[in-house]
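S.K.: Quick one: sequence plus predicted model below, questions after.
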Amino acid sequence: MLPEVKTILYATDLSKNSAFAYRYALSCAEKYGAMITIIHIIEDIGPWARSMLEAYLPEGHKEEVIKKSIQRIQKRLEVFCDAHARDNPECSMRVGSILVYEGNPAEEILKQAKKISADMIVMGSHGKGSSTHPFFGSVAKRVVGLSRVPVVVIPIPEEETEFAFREI
């Protein structure tokens, strides 16, 4: 018997076509009656670059970036759900929380998956490859290799799709 899926962690890089992967997370959530936690990781820029930024940016800049990222995700989700309400009436009701952190994307995704007891991780990949040598992006590859729960990796199309997040 397969384990129940009650919590899905959807990892987004906020690229235009990342909604393509969100559609899969939403479909799984509806199928299993699960809730989605959306996570976005702002990649750590390293100590030297951080010290340069801190010297020139006002205090609280990091918190402001996180706040604006959450607002951006909320707005994109609202626009996406409005556009697809007929096909996915529970679209916005399936999202339990939105998390934004700074750090190493793969490490943070895995850490948060454990923290929220995620039953599944859904994420997109911009990796390139051929039918004989498929390549994931480096973040997807690390998450798949180290995850203790199933990971669904959605190849993100290069061309804009009907599920693309519209710039706001």
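M.R.: Looks like it arrived, so ask away. Numbering: from 1, shown residues only.
S.K.: how about the strands of this protein, start to end?
M.R.: Ranges of strands in the chain, per DSSP state E, are 7-12, 35-43, 95-103, 120-125, 151-155.
S.K.: now the angle from the second one to strand 95-103?
M.R.: Translated: strand 35-43. 20 degrees (axes from the mean of the first three to the mean of the last three C-alpha atoms, to 10 degrees).
S.K.: can you list the residues that contact strand 35-43?
M.R.: Residues from elsewhere that reach strand 35-43 (C-beta atoms under 8 Å, 6 or more residues apart in numbering): 6-14, 22, 25-26, 29, 65-66, 69, 73, 77, 94-105, 108-109, 112, 116, 118. Quick note: C-beta positions are derived from backbone N, CA and C, even for glycine.
S.K.: List the buried residues in that strand.
M.R.: Buried residues in strand 35-43, defined by neighbour count with 16 or more other C-beta atoms under 10 Å: Met35, Ile36, Thr37, Ile38, Ile39, His40, Ile41, Ile42.
S.K.: quick one: the first one and Leu77, what's the gap?
M.R.: By that I understand Met35. For Met35, the distance to Leu77 under the criterion C-beta to C-beta, to the nearest Å works out to 14 Å.
S.K.: Common neighbours of those two, please.
M.R.: Taking C-beta under 8 Å, 6+ apart as the criterion, Met35 and Leu77 both touch Val95.
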